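1. Pasting a predicted model and its sequence here:
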Amino acid sequence: MDAGDRRGLDEAKRLLGNGKLREAFSRLLHLTEKYPEEVEVREGMALALVMQGATHAEAGEFDRATQEFERSIRYSDTPEAHVNLGRIHQMLGEFDDAFQEYSRALDLNDDLAVAHEALGQYFLEVKDFDQAASAFGRAIAKGGVNRSVYSGLWEAYMGLGRTDQAHDAIMEAVSRWPKDDGMLGMAALSWAVAKNDHDQAAEYWKKAIEINPKNLPALFNLAGLAALRGDRPEALSYIKRCCQIDQEQTLAMWKEDARQPKRKFGGLGGDEDFLDLLGLL
């Protein structure tokens with residue numbers, strides 16, 4: 001490869017790093033025609049196709065995404081492409097194919113934390129909580145320290161009935177992201193269901209809405225706790241705030257609560273003030 005094409009390849013990599021796919025593709029296609037067997041060029045094309053496939057997947061264009069990931073593999077067989085293919089298969093309910101893709105990704109690179117995390121999410125969905133907990137633990141050990149890993153680990157431990165370990169996992173996550181209202185909401189849920197401590201749960205949901213006053217699940221759960229305590233005015237106040245943010249989603253959560261054997265709002269199910277706020281009158 002001559003010096004000019006080397007600069008072109010470096011520029012394509014820089015563009016990919018900045019998310020400028022179209023410009024990167026233009027340079028990579030030119031280089032692919034000149035150097036069809038050059039490893040760095042093929043790896044660059046593979047990465048660009050993975051990124052483009054991910055864009056299609058986020059838009060719900062799964063067929064186009066699958067095509068891009070498969071093209072990527074033809075250029076260079078990367079674990080990232082297999083992880084992304086596995087996620088699409090999983091979303092489509094094709095679990096055997098998803099497992100095969102995740103396994104192939106780990107065969108290529110067992111140190112890839114995102115592949116262990118994806119496998120953990122797979123095991124969660126098929127209700128193999130023991131394998132899920134192991135996979136999420138490996139993801140963390142490989143450096144996959146993110147919110148979804150910890151929430152997945154919490155769910156896996158809860159599925160196994162190991163409530164203390166579940167709670168410890170989510171509290172570790174809160175220590176890492178103390179200003180994340182989503183993590184605080186998860187911690188509140190853990191206090192409620194893993195520790196049966198509704199007072200602590202309320203404190204964490206309140207912390208969550210201090211950071212994000214539009215945290216709908218936190219507001220709705222605080223309404224539910226107030227209802228369980230028999231504090232109708234406080235429950236009504238929180239439901240009013242929920243409806244001001246998103247009435248449709250609040251109604252969906254209300255209906256979901258109505259389907260539970262132990263309803264938070266059981267004594268208020270026919271209360272006209274609540275029904276009016278929810279648009280049911």
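-> Now that the structure is in, tell me what you want to look at. Numbering: from 1, shown residues only.
2. How about Lys240, nearest residue that isn't a chain neighbour?
-> Leu277 (5.7 Å; Cβ to Cβ, 6 or more residues apart in numbering). (Glycine included, C-beta is placed from N, CA and C.)
3. Let me see the contact set for that neighbour.
-> Listed by Cβ atoms under 8 Å, 6 or more residues apart in numbering, the contact set of Leu277 reads Leu236, Ile239, Lys240, Cys243, Gln247.
4. And the helices in the stretch 51-200 of the chain, which stretches?
-> Using DSSP state H, counting those that start in this stretch, the helices of the stretch 51-200 of the chain run over 62-75, 79-91, 95-108, 113-125, 129-141, 147-159, 163-176, 181-193, 198-211.
5. quick one: which of those is nearest Lys255?
-> helix 181-193 (19.3 Å; Cβ to Cβ).
6. returning to what we had before: next step: the contacts of Leu277 restricted to helices.
-> Among the contacts of Leu277, the members falling in helices (DSSP state H) are Leu236, Ile239, Lys240, Cys243, Gln247.
7. Would you check that my belief about the last one contacting Trp254 is correct?
-> Just to be clear, that refers to Gln247. No. At 10.1 Å, Gln247 does not count as touching Trp254 under the criterion of Cβ atoms under 8 Å.
8. anything in contact with each of these two?
-> Leu278.
9. Tell me which of these two has more neighbours.
-> Applying other Cβ atoms under 10 Å to Gln247 and Trp254 shows that Trp254 carries more neighbours, namely 25 against 13.
10. Could you report the separation of that one from Cys243?
-> 10 Å (Cβ to Cβ, to the nearest Å).
11. Mind listing the shared neighbours of these two?
-> With Cβ under 8 Å, 6+ apart as the test, Trp254 and Cys243 both reach Leu278.
12. what's the residue nearest to Lys240 sitting at in phi/psi?
-> Main-chain dihedrals, Leu277, degrees, to the nearest 10: phi -60, psi -40.
13. Flag every buried residue along stretch 104-120.
-> By neighbour count on 16 or more other Cβ atoms under 10 Å, the buried set for stretch 104-120 is 104-106, 108-109, 112-120.
14. do stretch 136-156 as well
-> 136-140, 142, 144, 146, 149-156.
15. Which of those sits closest to Phe220?
-> Distances from Phe220 to the buried residues of stretch 136-156, taken by Cβ to Cβ, are shortest for Ser151, at 18.2 Å.
16. distance of the closest residue to the closest one other than its chain neighbours from Lys179?
-> Of all residues not flanking Ser151 in the chain, Met186 sits nearest, at 5.7 Å (Cβ to Cβ, 6+ apart). Relative to Lys179, Met186 is positioned 14 Å away (Cβ to Cβ).
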